[in-house]
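Trainee: could you work out the structure for the sequence below:
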Amino acid sequence: MDRNPSPPSSDAEDEQAAGDSIGNTVYSKHWLFNILTKLIEVISPEKSDSNSNREEVQTELDEEMESDICKMWDMSMDEDVALFLQEFNAPDIFMGVFAKSKCPRLIEICVGILGNMACFQDICMSISKDDNLGQMLLQHLCDSDSPTLLETSRLLLTCLSQAEVANIWVERIRENPSVYDCVCFIMSSSTNVELLVKVGEVVDKLFDLDEELMLNWIKNGSCQSVGQSTDDSPEERPDFKIVPCVLEAAKQVRSDNPEGLDVYMHILQLLTTVDEGIQAIVQSPDGGKETWTLLYGLVCHELCQPDDPPIIIQEQKSVLASILSVLSAMFASQVQQEYVKRRKNMPLIGSLIRILQNMEDCGKRSFDNAKKSQPEETEKSGTVEEDFHLKILKDICCELLSNMLQELTKENILEGLNQGHLNEKKCFCAFQNLLPLYITSVESFLEALREADQILADSLEKRFPSLRLQA
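Mentor: Modelled structure (predicted):
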């Protein structure tokens, strides 16, 4: 039997097929076993073959064989099929492929099948506990074949996402410094957006799971690769730093993949949760200017723009929270740097206020919608449960805005008023969100505002009696 048969029609065939079916599927055990046998033959050619034929077999797949193993790849998404493959030692066969084959397409498919199998908990546990297989898979992060890198990254992310085995992989990666070099090489040099997103998700998950590993990667300048790399790996790797590599990947994905940008911004945010990470950003050769410029550009020119509907904040709340968190950490530690000088940041202040205005608009819409659907309950409580992620964004936004406002001088405020970044409506929105928690910052700003525009300052004081009481 050369290919997977269609479901049989006669009763006799039904009985025969029942014994050949894998679990509750219509897939044939015999057909799948036959493909596994062919796979063994591909990596173990007859001794009589010439060296040239053997090399050809290892580097190319004929169309029929590729078609069959691609079918097996699709089938492996079914749990019954995955268990059957596990029972017949498919992972061991795939290890033989990794050890002997020089065919990128064959390796890609085998890694992909393992990735599908790893979606099921017991199989994932078995795969993860096999240290030889684990080491081979990590070595494929140094592969030059993008499809293989993509499938390897998907497999790693699947395993890291399962709590029962995540620590096995974290420890394995921690013990293999070559992984750092391979991942940094991909982030800094690849133009494959799909691959960059998946590798970013792996790094994001690793940093989220293990702070010690993140600290090790932050401290790494250059790590001597350990373990055997593939022949296609770069012979000499540059002196990688994690922050420039993350920034380069973020630049590649920013236009084509919003989810990917979100991933890389969250990696930067995770870095700022430790002092070493903040220092890695702000003590880079350019003093953090590249990071600030990228994030500043995203907030001021790409995300939550004046012509966007306010509801856009719902789509962008996660990535904005990460970006503003990094900017806030940088502003607090690099206030003397030229690139964060007050006169250059009026557009950013305007953008922060616009974010708060959009959140207010979304809050009003949520209240109105709730009032329509549950008028009595909403009328009694007068409130609607606040969106958790929007609340995080608001808190981060207010912290950064308060720090920036209290640094403004009369000249800065006049410039902001002339350029439209500040006006009464925007100042009112800022005060409404900052008070009473950031009253010191508001008072400092108001004092400078009196020098720049006494009428506007008086108007704001009338609308916020608590400020007059403080005065």
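Trainee: would you check how far apart the closest residue to Glu451 other than its chain neighbours and Leu456 are?
Mentor: Nearest residue to Glu451 in three dimensions, chain neighbours excluded: Lys410, at 4.2 Å (Cβ to Cβ, 6 or more residues apart in numbering). All C-beta atoms are positioned from the backbone trio N, CA, C, and that covers glycine. When distance is defined by Cβ to Cβ, to the nearest Å, Lys410 is 13 Å away from Leu456.
Trainee: residues touching the residue nearest the centre of the chain, list them.
Mentor: Central residue of the chain (Cα atoms, centre = their mean): Val263, 2.4 Å from the mean position. Listed by Cβ atoms under 8 Å, 6 or more residues apart in numbering, the contact partners of Val263 are Val197, Gly200, Glu201, Asp204, Val253.
Trainee: go on, Val282?
Mentor: Gly288, Met330, Ser333, Gln334, Gln337.
Trainee: now with 7 Å, please.
Mentor: The neighbours of Val282, taking Cβ atoms under 7 Å, 6 or more residues apart in numbering as the test, are Gly288, Met330, Ser333, Gln334.
Trainee: among those residues, which two are most distant?
Mentor: Using Cβ to Cβ, the contacts of Val282 span at most 8.6 Å, a distance reached by Gly288 and Ser333.
Trainee: neighbour count winner among those two?
Mentor: Gly288 (23 against 18; other Cβ atoms under 10 Å).
Trainee: shouldn't the more buried one be in contact with Met330?
Mentor: Yes - counting by Cβ atoms under 7 Å, Met330 is a contact partner of Gly288 at 5.7 Å.
Trainee: spit out the residues that contact these two alike.
Mentor: Contacts common to Gly288 and Met330, judged by Cβ under 7 Å, 6+ apart, are Ile281, Val282.
Trainee: mind checking which helix or strand the residue nearest to the centre of the chain is in?
Mentor: Under the criterion of DSSP states H and E, Val263 resides in helix 258-271.
Trainee: now do Cys124
Mentor: Cys124 belongs to helix 121-129, assigned by DSSP H and E.
Trainee: which strands and helices sit next to the helix or strand just after that helix?
Mentor: For helix 121-129, the following helix or strand on the C-terminal side (DSSP H and E) is helix 131-139. Contacts defined by 3 or more Cβ pairs under 7 Å, 6 or more residues apart in numbering; DSSP states H and E place helix 131-139 against helix 90-100, helix 163-174.
Trainee: ends of stretch 338-348, how far apart?
Mentor: Start to finish, the residues bounding stretch 338-348 are 15 Å apart (Cα to Cα, to the nearest Å).
Trainee: and if you look at stretch 116-126?
Mentor: Criterion Cα to Cα; first-to-last residue distance in stretch 116-126 is 14 Å.
Trainee: if you count neighbours, what's buried in it?
Mentor: Asn116, Met117, Ala118, Cys119, Phe120, Ile123, Cys124, Met125, Ser126 (16 or more other Cβ atoms under 10 Å).
Trainee: how about low-confidence regions in the stretch 51-200 of the chain?
Mentor: Applying pLDDT under 70 to the stretch 51-200 of the chain picks out residues 51-58.
Trainee: apply 90 and report the result again.
Mentor: Along the stretch 51-200 of the chain, the model assigns pLDDT under 90 to residues 51-62, 102.
Trainee: for the protein, what's the longest helix?
Mentor: Counting by DSSP state H, the longest helix found in the chain is helix 346-373.
Trainee: which elements pack onto that helix?
Mentor: Judged by 3+ Cβ pairs under 7 Å, 6+ apart, helix 346-373 is in contact with helix 312-333, helix 388-405, helix 410-419, helix 424-434.
Trainee: tell me the angle that helix makes with helix 312-333.
Mentor: 140 degrees (axes from the mean of the first three to the mean of the last three Cα atoms, to 10 degrees).
Trainee: could you check the angle helix 410-419 makes with helix 346-373?
Mentor: 60 degrees.
Trainee: and helix 346-373, what's buried?
Mentor: Applying 16+ other Cβ under 10 Å to helix 346-373 flags 346-360, 362-363, 366, 370 as buried.
Trainee: and it, average pLDDT?
Mentor: Averaging pLDDT along helix 346-373 yields 83.
Trainee: now do it against helix 424-434, angle only.
Mentor: Going by the same axes, to 10 degrees, helix 346-373 makes 70 degrees with helix 424-434.
Trainee: and the angle for helix 346-373 with helix 388-405?
Mentor: 150 degrees.
Trainee: from Ser325, how far off is Leu400?
Mentor: Leu400 sits at a distance of 8 Å from Ser325 (criterion: Cβ to Cβ).
Trainee: of those two, who's got more company?
Mentor: Ranked by neighbour count (other Cβ under 10 Å), Leu400 and Ser325 place Ser325 first, with 25 against 22.
Trainee: the more buried one reaches Ile396, doesn't it?
Mentor: Yes - using Cβ under 7 Å, Ser325 and Ile396 qualify as a contacting pair, with a distance of 5.1 Å.
Trainee: where are the low-confidence patches of the stretch 251-400 of the chain?
Mentor: Where the stretch 251-400 of the chain drops to pLDDT under 90, the residues are 283-287, 333-345, 362-387.
Trainee: if we go to 70?
Mentor: Ranges of the stretch 251-400 of the chain meeting pLDDT under 70: 335-336, 342-343, 366-386.
Trainee: counting neighbours, what do you get for Ser189?
Mentor: 13.
Trainee: what about the nearest residue to it once chain neighbours are set aside, which helix or strand?
Mentor: Spatial nearest neighbour of Ser189, chain neighbours left out: Glu248 (8.0 Å); criterion: Cβ to Cβ, 6+ apart. Glu248 belongs to helix 242-253 when elements are defined using DSSP H and E.
Trainee: ramachandran angles for Gln305?
Mentor: When quoted as degrees, to the nearest 10, the phi and psi of Gln305 stand at phi -80, psi 160.
Trainee: dihedrals phi and psi, Ser28?
Mentor: Torsion angles, degrees, to the nearest 10, at Ser28: phi -90, psi 130.
Trainee: wait, it touches Asp20, no?
Mentor: Yes - Ser28 lies in contact with Asp20 (Cβ under 7 Å); the separation is 5.2 Å.
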